[in-house]
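S.K.: Got a sequence here, can you build the structure:
(chains A, B and C)
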Amino acid sequence: MPTKFKPSVMNRRQFLSTTAMATLMAGLPLQKFAFGADKVVKIGFLAPLTGAVAAWGKPGLDGCKIWADWVNEAGGIKIGDEAHKVEFVAYDDEYDPGKARTGAVKLIKQDGVKFIMMLGGDPWPGVFPVAQKEEMLVSTLLPSDLTPETTMLVAPCEVHPIYNVTGVEWLAENKPELKTAVICAQDDSLGKPSVATYLAAFEAAGIKVLGDPIFFDPATTDFAPIMSKMLGLKPDIICLDTCYTDYVHPLTEQAFQQGFKGQLISCTADFYPKMIDKTSKEFMEGFIFQFPDFDDPALNEPQINFKNPKGFFEEYKKRFGEGEWSAVSWEYASIMNLWSDAAQKAGTADPKPVLEAMKAGGKGKHIFGEAEWWGKDLFGIDNALVGFWPVVVIEDGKAKIKQYKSIPAWWAKHKDLMIKHMTALNQMYFQRK
Amino acid sequence: MPERARSNGLSWVLGLLLLAGLIMLPRVVTLSQQELLVFLVINVLLVASYRLLTLTGEWSLAHVVIMGVGAYGSALMAKELAFPVPLAMLAGASIAALIAFLLSFPLFRMKGFYFLIGSFAAGEVIRLIWKWSELTWLFGGPKGIKLIPPFPDIEVLSIDFYDPVNYYYLCLIVVAIALLILYRIERSRIGLTFHAIHWQDKLAESVGVNTFGYRMLAFVIASFFAGLAGALYAHYVGTVNPNRFNVEEMVYVLIWAIVGGTATFYGPILGVVVLTILNEIVLRALGIDEMRPLLYGAILILFILFLPKGLESLVPKARNWLAGRKAKRQGSERPTEAKLPAE
Amino acid sequence: MTPELFLQTVVNATYAASYMALIAVGLVLIFGVMGVINFAHGELYMAGAYAVVALYADLGVPFFVAVAVGLLFVGALGLLMEYGLFRPLRDNPLGGLIASIGFLLILQTIAVLMFGVHMEHVPPSTQGKLAFANGVVLTYQRLYVILAATIAVLMFGVHMEHVPPSTQGKLAFANGVVLTYQRLYVILAAVILLSALWLFLRKSKFGWALRACAQDREAAALQGMSINSTARIAMFIGAALAGVAGALTAPLVSPTPFMGDPVIITAFIIIIVGGIGSLEGAVLAAILYAFVNTFVTTIYDGTLANIVGLLLMLIVLIVKPTGLFGAKERA
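M.R.: Below is the predicted model of the structure:
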C-alpha cells in the first residue's frame, strides 16, 4: 500500500522531548538515572538515502529511529554514571565516495558523533582517510570493506558472503540425494565473493557445480535467457547466489515458468509471499535462504541478542508500511545493540575504548548469538563478528528458521576451500587494487 | 557570441576582490563545506573545459568518462608505476587528451544528436571496460582503485595536502591557470575559428578551414583539462570506481553548462557554483533528504523557464540595476546612458 | 548451442525487442515532432508500471483495465509535460532537455514518497503460457507485450515516408488509412471506444499535420494547422506508448522508482542509430539491439553483451553517421 510522507527530523525531536517530559511527570521508576542534564550521545548514519541504492540505507535509518525511540523512552543508555539519550544524525552519501567524505567530516567534526554506521561499499574508501585520522569507529554492512589497514572499521552484523555456507551445509545434510548445482550472480562487488563462497560450500558438501558460474549485468531486466541457460545444464539445485531481490523474483519466476522441478537456494528471498503469488506454494516449498521473518518464534530463543523482534517488526510495519521491511531494516538496529552494550561496559562513548570493549576477549554479542571476532585469513584483520547464522526454509508458504549453524565450525573444517575459490576469483583482500 | 572585453579600472578592483574572497573563503565556511569547496573547484575546471568543446557546436556525452580516464591514468601511474604525483597528474591528463585524439576519428564523422549518442556509446564502452571483472587486475573492476597516493606534502613549509584547505589552494592555483589558458584560447583566433565552425561550417570549409582539425583540437584540449580535473579528484578522494564516471554525473555537467548559460565564458562556472551550493548546502540543510531530488528538479524547471538564457543573463541585468542606482544617486537624469546594452 | 536454447533465446529476444520498440517508437514520435530530448521518457515508462502496481496489484482492478488507465494516465502526464515544459521552451531544445531532467527527478521522488524505495511485486495477470516443441516457452504475459508492440509498430510504421530534411531532422510515419484504421480498432476496442473514434478522426489529419509541422512550422501555422494540437497529440501518444510498455511489463519486472534509468539511455541509442525521426529505423534498431544483447548474454555474460551492443551501435554510426534510416547531411 502506498506509504505516507514521513515527518521531518524536527518532528521526531519534538516527539522525543515530549515523551521524556511525559515519563518524567508520570513518575515512572527511572529515578536511578540522572535527568537534569539530559545528556545526548550522537550517532552518525552515513548511507545512501536517495537514489537507486537507497533501499540499502533508508530502511535502516527508519529501523534505527524505532530503536532510538524505545531506548530513549526507557531512559536512555547508561554510559558512565549518566543516562544518555541517543540521537541519530543522518547524512546522505548518495553511494559516492566524495560525498561520503564530506559527510564524514561533518558528522565527526561538526556534529560530534561518537560512532558512524555506514552501508559501506564504494563510499568507504573515501571515508577511510578521514575516519582513520580522526580515530572514529565505523561499522559497515559489507565485510569486504575490511583490509589490514582498517583498524577501526568493524563488520558486526552482516557477514556476507560467509554466512551462505550454512544454507549449503544444511541442504547437504538434509537432502543428500541432490548432487549437482548451477550458480548465477550479478557481476558486481557483492556477486563475486558470494559466488566464491558458494563454490567452496558446494565443494565441501560434495555437490558438483555444473559449468562455470553465470555472471549477469546488474542492469539486466530480462532473466529468461539466463534461466534457460541454467536449465539447459539440467541441475538438481539452482543457486541464486546473493542476487538482489529484483533478480531473485524474476529468476524464480522464470524457473517456475520454464518448468524447473528441483531445489532452489539463495541468500535472500525478500517478499517471498509475492514470489509464491507469482509461482505457487508447491513450487516454493523447500526454498532455502538466509534471512528470517522477524516474527519467527525461533528469534525468541535466549541466545538471540535482539529485544522483542516481533514488536519491532510490528512497529516498523505500522510506521513505514509492510512493503518497506527488509533485512536492512533491522541490521543497523542490531549493530546499535552491540555498540550500546560496549559503551556501557566501557563507561564512555569515545570510539577507541568502545571498540576495545566490543572486542574484549575476542568475542562479541552478535544478533544471532555469541560470536568470534574473525577474518584475518579473508580480510587480513579480525574485525568481522562471525558466529551463528540461521538457515531459513519456506514450508507451507511461511519462512521458518530450521537451524542456527556455526560459521566458525564450517571454517575450521573447510577454510582451504574458501581461500582457494576466493583467490581464483580475485576476491582476497590482497588481490584488490 | 564572444563577450565584450572590459577594460576599465573597475574590473581590476572586482578581480582583486574576487581573488581575496576566494582566498578567504575556506576560513569562513564550516569544515564540511571546505570539503565541498575542493570538489567545487575541480568541477569548475570540468565544466569550463566542457565549454571549450561546445564552442564548436558539439555536445559530447563522453566528457565525464574522459575525466575518469585522467583519474584512472593518474592513479595507476602513481600507484603502480611509482610516478611522483604531480607528474602522474600531468600524465593522466595527457592520456585523456590522447584518448580524445583517437576518438576524434570515428566520432567526428557524426554531427549533432548523432555525435551526442556516439560520444555516449564510446564513453560507456570505456567505462564498461573499467568495470569488466576480467580486467580487475588492471582497473580494479567494479570496486575500482583505492589507496591512491595523495599529493606529496611539502615538508619544508609544513603543508599537508590531506587538509582540504591546502588542497583547495592547490586546486585553485591549478584551475586558475587552466581557466586562464582556456579563456585565452576562446578569445584568440583559434576560438573565433571554433565559433565559425559552429555557426557556418560549410562556409568555413569553403575558405580552407580544416573543420575536422579544429574540432579535434577543441576536443583534445578540453579533454586534457577534463583529465586534469580527474587527476585532481583522484588524488584527493584516494579512490576511483567506474560508477563515479557514469551518465548521471555527465548529466550534471550538462545541467551546469545549460542552466549557467552558453553565451559567456563564465556562464557554466556560474551554473556549477549556484547549483552546487543549492544542492549540497541549501537543500541538505532542510533536513528532508527524501525530497531533495524533487526540489532540485523543481528548481531546474523554474530556472530554465524563467531564465531561458541561463544564469549568466542575470549578470547584465545586475549591472544595469547597479548602474541605474548609481545614476539615481548621482541625481542623473539620463538612465539610457547608464544602461548598458543587453548581451 | 542446442536448438531448444536457440529457439528459446529467439523468443526471449523477441519479447525484449517488443518493449524496447514500444518505448523507442514513443520516444521517436516526441523527438521527431518536437525536436526535444525527453529525458523523462524512462519515468513515463515507470509511471505506467506504477499505475498497474497501484490499481492491479494493490486494489485488485482487472489487469487490462489497469493497463488502459495506465495508458491514459501516462498520456495525460505527457500532455502536462508538453503544456508546462516543452511548449514554453519550444525554441530552446537544450532548455527542454534540462526541464525534462527536472521532471524526471520530480517523478522519481513522487514515486519514492508514494510507494517507497523498495521494489514492487506485481502478480502475473495470467500463469498461462505457450509451450512450443522442445520445451520452448512463451508466457502469455510476455505475449501481450509482443502483441502490443506489433500493433503499435503496424499502426505507426507500416509505410515509411521520407520527408525532405529540415532543421529538425525528418519524421517518418504511417500512411495507408485503411490499414491503420483496422489496427486502430483492434487496439482501442480493448481500451475505450470513444477515444478510438476520436483518435481515428484525428489519425488521418494527424499524419499530414505532423509532416507539415516537421517541415516548416510557420508555414504549417499559416496554413491553419495547429502546431499546439499536433505537438499535444504526438506527446500524448508517445507518452502513452511508454506507459503501456511499463504497464504491460510491470508483472514481468520488479517496478522500482528507478526502473526508468537504464531504459532511457538504451532508448536514445536505439532511436539515434535508427535515424532521427524514423520510426522504422527505431524499430529495426530495437530489434537489432535486443537480439544482439539477448544472444550475447545467453552465450557469454551481461557486461560483455553491453559492450558488444554499444560497439555495434557505434559501428553503425561510424559507417552511417546519420543512422540506419537517417536523412543525408543537411546543406
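
S.K.: And what about residue A:332, helix, strand or coil?
M.R.: Secondary structure, DSSP: H, G, I helix; E, B strand; the rest coil: residue A:332 is helix.

S.K.: Near the closest residue to it other than its chain neighbours, how many other residues are there?
M.R.: Spatial nearest neighbour of residue A:332, excluding adjacent residues (CB to CB, 6 or more residues apart in numbering or on different chains): residue A:60 at 3.8 Å. Placement of C-beta: from N, CA and C, glycine included. For residue A:60, the neighbour count with other CB atoms under 10 Å in any protein chain shown is 27.

S.K.: shouldn't residue A:60 be in contact with residue A:46?
M.R.: No: in this structure, residue A:60 is not within contact of residue A:46 by CB atoms under 8 Å, at 11.0 Å.

S.K.: Common neighbours of the two, please.
M.R.: Taking CB atoms under 8 Å, 6 or more residues apart in numbering or on different chains as the contact rule, residue A:60 and residue A:46 both touch residue A:117.

S.K.: Now name the helix or strand holding residue 192.
M.R.: Went with chain A since none was named. helix A:191-204 (DSSP states H and E).

S.K.: Please refer instead to chain B.
M.R.: Going by DSSP H and E, residue B:192 is in helix B:189-199.

S.K.: Can you give me the buried ones in that helix?
M.R.: Buried positions in helix B:189-199, judged by neighbour count with 16 or more other CB atoms under 10 Å in any protein chain shown: B:190-191, B:193-198.

S.K.: Select the helix or strand of chain B having the lowest average pLDDT value.
M.R.: When each helix and strand of chain B is scored by mean pLDDT, DSSP states H and E, helix B:335-338 comes last, with a mean of 50.

S.K.: what does chain C give?
M.R.: Result, chain C / mean pLDDT, DSSP H and E: helix C:177-189, a mean of 26.

S.K.: Residue A:418 and residue B:330: what is the separation?
M.R.: Counting by CB to CB, to the nearest Å, the gap from residue A:418 to residue B:330 is 83 Å.

S.K.: Mind checking which of the two has more residues around it?
M.R.: The residue with more neighbours, out of residue A:418 and residue B:330, is residue A:418; 23 against 10, by other CB under 10 Å.

S.K.: Could you report the neighbour count for the closest residue to that one other than its chain neighbours?
M.R.: Nearest residue to residue A:418, sequence neighbours excluded (CB to CB, 6+ apart): residue A:200, at 4.2 Å. The local packing of residue A:200 (other CB under 10 Å) involves 26 other residues.

S.K.: can I see the domain layout of chain B?
M.R.: B:30-251, B:312-343 (automatic domain parsing).

S.K.: Is the longest one positioned near chain C?
M.R.: Yes: contact of domain B:30-251 with chain C (CB under 8 Å from any CB of the partner chain) involves B:106, B:109-111, B:113-114, B:116-118, B:120-122, B:124-125, B:128-129, B:131-133, B:202, B:247, B:251.

S.K.: Report the buried members of these.
M.R.: Buried subset of the residues of domain B:30-251 next to chain C (neighbour count, 16+ other CB under 10 Å): B:106, B:109-111, B:113-114, B:116-118, B:120-122, B:124-125, B:128, B:131-133, B:247, B:251.
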